[in-house]
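Enquirer: Pasting the sequence and the predicted coordinates here, then a few questions.
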Amino acid sequence: MSPPKATLFDVDGTLVDSVDLHARCWVEALAHFDVPAIFGDIRLQIGKGGDQLLPGLVPPDLLAARQEEIETFRGDLYKRDYMARAKPFPGVAHLFERLRGAGLQIALASSGKEEEVEVYKELLGIADLIDSATTSDDAERSKPFPDIFQAALRKLGLNDPAEAMVIGDTPYDIESARAGGFASIGVLCGGFEDLALRQAGCAAVYRDPQHLLEAFDDSPLAKGLG
């Protein structure tokens with residue numbers, strides 16, 4: 001496979017240190033609906049959208065009656081009490097500058113709300129470095145389904161998954177990429193282990209965006225896949 005024309009970046013856990021925040025928010029939100037949840041168990045599910053995460057946590061009758069209410073409550077809670085605590089991982093803006101210098105398009109492939117994506121773009125200092133971004137409005141199904149990466153590809157004006165490479169931090173990102181026909185790169189900054197990412201199917205693993213920047217010339221982004 002030749003080097004890609006475009007990069008599709010997951011955001012939470014890949015570019016922004018927010019995984020623990022999302023997990024704590026879910027625990028608090030579920031407690032509001034009298035659903036007990038353990039932080040460690042929830043953290044292992046972060047990377048999935050609420051539509052994929054909730055069925056394993058909420059009793060079926062409650063889920064059927066109040067799923068939308070639960071997801072709305074959690075989203076509002078995250079925006080109000082958690083989002084401002086998110087921190088950027090090192091090297092993101094410089095990595096994006098390197099990608100643009102190499103002629104690659106850049107899309108944020110996020111399932112977050114539009115306001116959340118806009119906040120993160122400003123936090124990371126990348127608003128002028130990306131070509132497009134997705135939000136939850138762009139995909140009917142969340143990861144591990146491939147919808148969000150397919151939507152990000154279309155927003156770049158591309159049609160062939162072979163023209164783009166996904167960068168993500170969870171096995172769900174990698175599984176989603178694989179389901180859509182995309183090659184992928186993993187980063188460890190979201191908390192999942194190297195082995196979990198490789199077993200899900202990624203071509204290479206780096207510590208974080210800074211490490212990917214430092215190793216760019218020898219990475220699949222520059223050399224493609226052998």
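Expert: Sure, I can see it.

Enquirer: make it CA atoms for all contacts and neighbour counts henceforth
Expert: OK.

Enquirer: can you map out the strands along this protein?
Expert: Taking DSSP state E as the criterion, the chain carries its strands at 6-9, 16-17, 87-88, 105-108, 132-133, 164-168, 183-187, 204-206.

Enquirer: Serialize the ones you listed to TSV and add fields for distance to Leu57 and mean pLDDT.
Expert: Listed next are those as TSV, based on distance: least, CA to CA, whole Å; pLDDT from 0 to 100:
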stretch	distance to Leu57	mean pLDDT
strand 6-9	28	98
strand 16-17	24	97
strand 87-88	28	97
strand 105-108	28	98
strand 132-133	30	96
strand 164-168	24	98
strand 183-187	27	98
strand 204-206	30	98
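
Enquirer: I'd like these laid out as TSV, including distance to Leu123 and mean neighbour count.
Expert: Shown next, in TSV, are the strands of the chain (distance: least, CA to CA, whole Å; neighbours: other CA atoms under 10 Å):
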stretch	distance to Leu123	mean neighbour count
strand 6-9	16	25
strand 16-17	9	20
strand 87-88	7	17
strand 105-108	14	23
strand 132-133	15	20
strand 164-168	19	28
strand 183-187	20	27
strand 204-206	22	20
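
Enquirer: For this structure, give me the ranges with low pLDDT.
Expert: 226 (pLDDT under 70).

Enquirer: Using the record's domain definitions, break it down for me.
Expert: 6-18+87-223, 19-85 (automatic domain parsing).

Enquirer: List the residues that contact the closest residue to Arg43 other than its chain neighbours.
Expert: Once flanking residues are discounted, Arg43 sits nearest to Ala23: 5.1 Å by CA to CA, 6 or more residues apart in numbering. Taking CA atoms under 8 Å, 6 or more residues apart in numbering as the criterion, Ala23 is in contact with Phe39, Ile42, Arg43, Ile46.

Enquirer: Now go through the residues you listed and say which are in helices.
Expert: Using DSSP state H, Phe39, Ile42, Arg43 are the members of those that sit in helices.

Enquirer: residue boundaries of the helices in the protein?
Expert: Taking DSSP H, the helices of the chain run over residues 19-32, 39-43, 50-53, 60-77, 92-101, 114-124, 147-155, 171-179, 194-200, 209-214, 220-223.

Enquirer: Give me the contacts around the fifth one.
Expert: It refers to helix 92-101. Contact partners of helix 92-101, identified using CA under 8 Å, 6+ apart, comprise Leu15, Gln105, Ile106, Leu124, Gly125, Ile126, Leu129, Ile130, Pro209, Gln210, Leu212, Leu213.

Enquirer: quick one: Arg24 from Ile130, how far?
Expert: 29 Å (CA to CA, to the nearest Å).

Enquirer: correction: Leu15
Expert: Using CA to CA, Leu15 is found at 13 Å from Ile130.

Enquirer: Repeat that for Phe96.
Expert: If you go by CA to CA, the gap between Phe96 and Ile130 works out to 8 Å.
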